[in-house]
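J.: Fold the following for me, if possible:
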Amino acid sequence: MAQRGYAQFVEVAVEPTLAWSACTEEHWLRRWYALEASVEPHRGGRFRVRTRDGRERDATIDVWDPGRRLRLIYYPEPEMLHLHGEGVGPVTEDLLFDPKPGRTVVRVFGSGVPDVREWDAYYSRLRLGWAYWLHALKRALEAEPEKEAS
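T.: Model (predicted):
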């Protein structure tokens, strides 16, 4: 089955360690992304959030490289399997933290979304959602950097 992916990025005026914390620590995730968050901070751990629009995302942490890379594996939700159950695999999201002088580029690469009409809305929600949420991350991190770092 053909698959499709997506890529989004944002530059934030903070060091990679702070950008990493904002994407992996529960209190930070609740500031910019989720109403509820639970992170088991290690390879093989769980990454669970309930987003502000009520959706739940539940992933296994495949790569945990602090300050550099977080790779999440989302197994298909039961309600999505009925759309095209045969051959549907996991959706993966890689978050990469690229240090630049005085800033960090946070990149999200998603892959594994089936390239069939029934998955179009799900695909659009992920692609457009990350564009929105990365800018929310930027606003949260750059709001008051001196206070956030302490």
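J.: Check which helices and strands the longest helix along the chain is in contact with.
T.: Longest among the helix segments of the chain by residue count, using DSSP state H, is helix 120-142. Packed against helix 120-142, as judged by 3 or more CB pairs under 8 Å, 6 or more residues apart in numbering; DSSP states H and E, are the following elements: strand 3-12, helix 16-24, helix 26-32, strand 103-114. Every C-beta, even on glycine, is put in place using the N, C-alpha and C of the backbone.
J.: Dump the shortest one to CSV, keeping only the CA atoms.
T.: Which is helix 26-32. As requested, C-alpha coordinates have been extracted for helix 26-32 and formatted as CSV (Å, rounded to 0.1, in the frame of the first residue of the first chain):
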residue,chain,number,x,y,z
GLU,A,26,4.6,16.8,30.8
HIS,A,27,4.3,20.3,32.3
TRP,A,28,5.7,21.9,29.1
LEU,A,29,3.5,19.8,26.8
ARG,A,30,0.5,21.0,28.8
ARG,A,31,1.5,24.6,28.1
TRP,A,32,1.5,24.5,24.3
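J.: Contacts only, for Phe97.
T.: By CB atoms under 8 Å, 6 or more residues apart in numbering, the contact set of Phe97 is Pro16, Ala19, Trp20, Gly67, Arg68, Arg69, Thr104, Val105, Val106.
J.: Setting aside sequence neighbours, what's the nearest residue to it?
T.: Of all residues beyond its chain neighbours, the one nearest Phe97 is Pro16 (4.4 Å), with distances taken as CB to CB, 6 or more residues apart in numbering.
J.: The one you found: neighbour count?
T.: Counted by other CB atoms under 10 Å, the residues lying close to Pro16 total 20.
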